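In: sequence first, predicted coordinates after that:
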Amino acid sequence: MALTIAIPKGRLGNQAIEMLKKAGVGECIDEKSRKLVFKDKKRNINFILLKNSDVITYVENGVADIGISGKDMVMESGGDIYQLYKMNIGKCKMSVAGIKGKKIFKDSTILRVATSFPETAKRYFDSRGQKIKTIQLKGSIELAPILGLSDVIVDLVETGNTLKANGLEVFEDMYQISAVLISNKISYKFKRKEIKEIIELIRREDENGKSN
Amino acid sequence: MKFLNIEDEMKYFQKMFLLRREIENFLFNEGFMNIEPSIFEGYDEFTTINSRIDQKSMVKILDSRDILILSPDITTGIINKFMPKWESNLELKIFYYGKTYKHNGTGIRENREMGVEILGEKNKNTDQNTLSVADRILNKYSKNYLIEIGNSKFLKGLMEACSFNREDYSNILDLIYVKNKQELKEYLEKLPYKEPMDILANILDLEGSYQEITSQLEGQYLNDLMKEGLEELEAVDSYMKDVTDKIIYDLSLVSELSYYHGIIIRGYIEGSNKAIIKGGRYDSFTEQYGYKVPAIGFTIELDELLKRV
């Protein structure tokens, strides 16, 4: 029976495809084409290219057996899936940041947090006993504290250059983020051998990458 | 279930009726007796005896005197019905058909369920017999099915041996629940080392055939509770020899319901995105009534099964 793998479009997806190709699967994927479904007949694998945030939905509902998604998305969605393997790509941090020199964590009042990860932010500040109000934004999160919409932001930070350019700084790092290979729970029971083979190929590629 | 026309709706109900009757006949012929579960439960009573079910998802009803709920879990209701008046020599093999209700955030979800419970058994082979009933039901409706078997005693014994604090305990269970092997290892490495942690770090590899699991456990730390769990699985394994290709064991199986103590059972049919059969042994659940009555059972998700028939 065929294995269906969901891959996100965009930067993370391109890195993942490159990695899969090096590992010897996914030669059939042509990123330049507009096609969204590719079939590897020899290995009996289907690849579907999806919007980043839809990968978890497809995997959770069993349309795709496994998929590649960011840990940030996995934490935010709370989807009922297995997180089988943390990959060596898509690495960054999820951090709390704000206006440089204005580090404020208030005990007595409610901290306003602008973010595109409201669930994750709530859980993080809850565990520290800090009351917050989340303001959900889809992009340009850095603007929020500058324009007074929020006190701090919770966002992904790779180099910190965007923050710096906007006069912000990281107050603290919350989580290490990387790409995760996720699996549908029932698919894992029926296709355990096939899924573990793919993980093993990726794991070997990760180790090669580290030693180079 | 929503239907666009009456014809489809009637077809669905006739199919459901036939499926239900077929399984009921099968269970009746196996010596199970029918009972009708109650739809209402007392809110306070229910939450005291089963604290694990999410209270927010319960559908509450106010009448002039009490707060009631629509039953979210039929087993809890049955136990609460029978245990207060239990007699020591009783053995009950029962089956039921009923509906459970849960709030899923957008509205009330109604779920049809059929279930089997064996209370107060005298027979040593009850684990095996229960599995065999589950196996024959799945086998009747699909050739591509799988039964997943775990034993909560193994993980419980292992976790107890590590004596984690409450926060670590629940974080570790969460990582096991999502099969996140790397983060589980990293988490354990941060804690002060104890010998049982070696197995815990690799618990997610303890799946597959019974032999595959035991070969990994040679020379490893085992305490009495863990051994008990393994022995129960071994008994099951030698009993189910002729269907071994349909059975997978998973020692990391974590159930949402805390009352399971012993064998845990899940049944799947290929193409379905939900477990069709769910259950296990829950002797310890009866202890809160002052005596321990052996108890094992499972539910069958009729709506999901019907889609696959």
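Out: Okay, I see it. Numbers count the residues shown, from 1 in each chain, chains lettered A, B, ... in the order given.
In: check contacts around the closest residue to chain B within chain A.
Out: Of chain A, the residue with the smallest distance to chain B, taken as CB to the nearest CB, is A:Gly62 at 3.8 Å. The C-beta positions use only the backbone N, C-alpha and C, and glycine is treated the same way. The neighbourhood of A:Gly62, defined by CB atoms under 8 Å, 6 or more residues apart in numbering or on different chains, consists of A:184, A:186-187, B:273.
In: of all these, which two lie farthest apart?
Out: In those, two members sit farther apart than any others by CB to CB. They are A:Ser187 and B:Asn273, at 8.7 Å.
In: more crowded one of these two?
Out: The residue with more neighbours, out of A:Ser187 and B:Asn273, is A:Ser187; 23 against 15, by other CB atoms under 10 Å in any protein chain shown.
In: in terms of pLDDT, where does the residue nearest to the more buried one when sequence neighbours are not counted sit?
Out: Counting by CB to CB, 6 or more residues apart in numbering or on different chains, A:Asp65 is the residue found nearest to A:Ser187 once chain neighbours are left out, at 3.8 Å. We note a pLDDT of 97 for A:Asp65 in this prediction.
In: show me which positions of stretch B:123-135 end up buried.
Out: If you call a residue buried by 16 or more other CB atoms under 10 Å in any protein chain shown, then stretch B:123-135 has these buried ones: B:126-135.
In: now do it, average pLDDT.
Out: In this model, stretch B:123-135 carries a mean pLDDT of 92.
In: quick one, helices of chain B?
Out: Ranges of helices in chain B, per DSSP state H, are B:6-29, B:43-49, B:74-82, B:126-141, B:152-162, B:166-177, B:181-190, B:197-201, B:210-217, B:224-239, B:302-308.
In: now do the buried residues in stretch B:169-183.
Out: So, applying 16+ other CB under 10 Å, buried residues of stretch B:169-183: B:172, B:175-181, B:183.
In: thinking again about what came up before, quick one: the residue nearest to A:Ser187 from A:Ile56, how far?
Out: To A:Ile56, A:Asp65 is 13 Å away according to CB to CB, to the nearest Å.
In: OK, now which residue of the stretch 151-300 of chain B is nearest to chain A?
Out: Nearest to chain A, among the residues of the stretch 151-300 of chain B, is B:Asn273, at 3.8 Å (CB to the nearest CB).
In: now do that residue, the pLDDT please.
Out: You'll see B:Asn273 listed with a pLDDT of 93.
In: save the helices of chain B as a markdown table, and put in distance to A:Phe38 too.
Out: Output for these, formatted as a markdown table (distance: least, CB to CB, whole Å):
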| stretch | distance to A:Phe38 |
| --- | --- |
| helix B:6-29 | 36 |
| helix B:43-49 | 51 |
| helix B:74-82 | 46 |
| helix B:126-141 | 34 |
| helix B:152-162 | 40 |
| helix B:166-177 | 32 |
| helix B:181-190 | 28 |
| helix B:197-201 | 37 |
| helix B:210-217 | 34 |
| helix B:224-239 | 41 |
| helix B:302-308 | 29 |
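In: right, and those - which one's nearest A:Lys9?
Out: For those, the distance to A:Lys9 is smallest for helix B:181-190, at 25.8 Å, taking CB to CB.
In: number of nearby residues for A:Asn14?
Out: 14.
In: still on that earlier bit, kindly indicate which of the buried residues of stretch B:169-183 lies nearest A:Asn46.
Out: B:Lys179 (22.9 Å).
In: how about the nearest residue to that closest one, chain neighbours excluded?
Out: Spatial nearest neighbour of B:Lys179, chain neighbours left out: A:Tyr82 (4.3 Å); criterion: CB to CB, 6+ apart.
In: what bridges to that neighbour?
Out: For A:Tyr82, the beta-bridge partners are A:Ser183 (DSSP bridges).
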